[in-house]
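> build the 3D model from these lines:
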Amino acid sequence: MQLHIILSDEDRQRLGAPDPLVYDRGVFRVSEATALYKVAGMTRKDMHEAYDAGNPEGRKAITWLALRRAGVDARYSELDFDLLRWALVDPNPKPAEAAADAGAEDPDGEGNSGALPSEGPTPQS
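Below is the predicted model:
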């Protein structure tokens with residue numbers, strides 16, 4: 001399944017990341033497994049469990065892997081990006097998933113809406 005990684009415009013430009021930055025969850029080459037283990041001490045299972053648990057190392061590993069696949073040379077130890085403006089999304093959600101996502105109020109899984117007070121809806125008179 002191909003997913004898109006959303007980065008802030010600033011992070012995408014600084015890293016030289018393509019738009020969209022694609023992560024294919026259904027592909028994992030031996031060279032990638034070896035490299036990920038060397039730089040992060042993680043297996044594919046560790047990476048996905050860290051992501052699912054909300055651990056930032058999961059997001060970092062997924063982003064690093066997607067950058068590597070896109071031909072962007074980023075050192076894992078120096079990879080940095082805005083976690084609050086990062087998202088992993090399905091570019092072609094099923095209609096039921098799209099409706100459920102539209103009502104989602106907790107994008108980071110930490111009980112935060114992700115919106116700043118100034119980003120909220122404008123009160124109607």
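> now the strands for this protein?
Listed in chain order, the strands of the chain (DSSP state E) span 2-6, 21-24, 87-89.
> tabulate those strands (JSON lines), appending mean neighbour count.
Where C-beta positions appear, they are placed from N, C-alpha and C, glycine not excepted. Below are these laid out as JSON lines (neighbours: other Cβ atoms under 10 Å):
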{"stretch": "strand 2-6", "mean neighbour count": "17"}
{"stretch": "strand 21-24", "mean neighbour count": "16"}
{"stretch": "strand 87-89", "mean neighbour count": "15"}
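> adding distance to Glu32 and mean pLDDT, write the ones you listed out as TSV.
Converted to TSV, these look like this (distance: least, Cβ to Cβ, whole Å; pLDDT from 0 to 100):
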stretch	distance to Glu32	mean pLDDT
strand 2-6	15	96
strand 21-24	11	97
strand 87-89	17	96
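> wait, which of the ones you listed is closest to Asp73?
Comparing the strands of the chain by their distance to Asp73 (Cβ to Cβ), the top pick is strand 21-24, with 14.3 Å.
> show residues contacting that closest one.
Here strand 21-24 makes contact (Cβ atoms under 8 Å, 6 or more residues apart in numbering) with 1-5, 7, 12, 62-63, 65-67, 69-70, 88.
> now do stretch 70-85, average pLDDT.
In this model, stretch 70-85 carries a mean pLDDT of 96.
> ends of it, how far apart?
End-to-end distance of stretch 70-85 (Cα to Cα, to the nearest Å): 20 Å.
> report the buried residues of it.
70, 74, 76, 79, 81 (16 or more other Cβ atoms under 10 Å).
> closest one to Asn55 among the strands of the chain?
strand 87-89 (13.6 Å).
> elements contacting that closest one?
Under the contact criterion of 3 or more Cβ pairs under 8 Å, 6 or more residues apart in numbering; DSSP states H and E, strand 87-89 touches strand 2-6.
> ok, the strand it packs on: who's next to it in the sheet?
Strand 2-6 has the following sheet partners, assigned by DSSP bridges: strand 21-24 (antiparallel), strand 87-89 (antiparallel).
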